[in-house]
Every structure is written in C-alpha cells, then in structure tokens.
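Chemist: Take this sequence and fold it.
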Amino acid sequence: MHMTEDDIVKFCLTNFHAKEDQVKRDLANIEILIFNNPQWHLSVLILDEDRDTVTDDDIARDMEQVIFNRDVKSIVALIQLKPNLPWACTLYNGVKVTITASLVIITLTVALFGCRWMYKR
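Modeler: Next up is the predicted model:
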C-alpha cells in the first residue's frame, strides 16, 4: 500500500492542522532524504494512475525523475516495499499460531474420543 502526495497532504491537514504549503515543502524534503538514506527502505513511486499494484519500473531512480514527472502531472507516492516487523510482532504472531494450532488439535482429539465413546456405548 502506498500513499500519494495528495493523500499525505490531506492526512497532515486533517490530523495535524498544518499549513498546506509547509506540508508540501516538508514532503519534497522527505523525498530528497529518501534518496540519500537507502537504509530507511522507503521508495518514491511515479505512477500514471493511482493503482494498488506496483512494479520496479514505478520506482523513481533519482530526484530529477520525480521533479520531471511531477511537472507532467503524474502521481508521486511513497512506499515501503519490504517492511521489517519488530521482533515483538514476530514473536506474537508465532505464539498466536502455536496456540491456535494447539486448540484445534485438542478440539479434534476431544471430538474424536467423544465420538468413539458414544459409538462404544
């Protein structure tokens, strides 16, 4: 899922009551910082239309491409393609799967023994 520049501006105006020109200026600065900080794992997208699928061709290679495409009215968006989950989320998901699987196995075992007991009666 990505957020277009318009989505980001609307979000900031709605939730933080910021000034639109300041948000747009900050957004342009963030885009520059994204290119200079690849360890953030963020990418700037250039899209012809707003869609959910993103390909490698949609990712901007440099800031010049972003500026050029902004001038021709393409949609500029930000995305994090491969987010890292914190270890707490990974641990939580693992524990949740283990507990759910255990409950299913226990329920099926009890049901089978119950059917066997009812059949032998």
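Chemist: and the helix or strand of the chain with the lowest mean pLDDT, C-alpha only, in PDB?
Modeler: Confidence across the helices and strands of the chain bottoms out at helix 63-71, with a mean of 79, counting by mean pLDDT, DSSP states H and E. The C-alpha trace of helix 63-71 is given here as PDB (Å, rounded to 0.1, in the frame of the first residue of the first chain):
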ATOM      1  CA  MET A  63      15.100  13.200  -7.600                       C
ATOM      2  CA  GLU A  64      15.300  14.500 -11.200                       C
ATOM      3  CA  GLN A  65      12.800  11.900 -12.300                       C
ATOM      4  CA  VAL A  66      10.500  12.900  -9.500                       C
ATOM      5  CA  ILE A  67      10.700  16.600 -10.400                       C
ATOM      6  CA  PHE A  68      10.200  15.900 -14.100                       C
ATOM      7  CA  ASN A  69       7.200  13.600 -13.600                       C
ATOM      8  CA  ARG A  70       5.600  16.000 -11.100                       C
ATOM      9  CA  ASP A  71       5.600  18.600 -13.800                       C
END
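Chemist: How about that helix, which residues are buried there?
Modeler: 66, 69 (16 or more other Cβ atoms under 10 Å). In this view, the C-beta of every residue, glycine as well, is placed from N, C-alpha and C.
Chemist: for it, packing partners?
Modeler: helix 20-36, strand 43-47, strand 75-79 (3 or more Cβ pairs under 8 Å, 6 or more residues apart in numbering; DSSP states H and E).
Chemist: how far off helix 20-36 does that helix point, in degrees?
Modeler: 150 degrees (axes from the mean of the first three to the mean of the last three Cα atoms, to 10 degrees).
Chemist: Please state the offset of helix 63-71 from the chain centre?
Modeler: Distance, stretch centre to chain centre, for helix 63-71: 24 Å (Cα atoms, centre = their mean, to the nearest Å).
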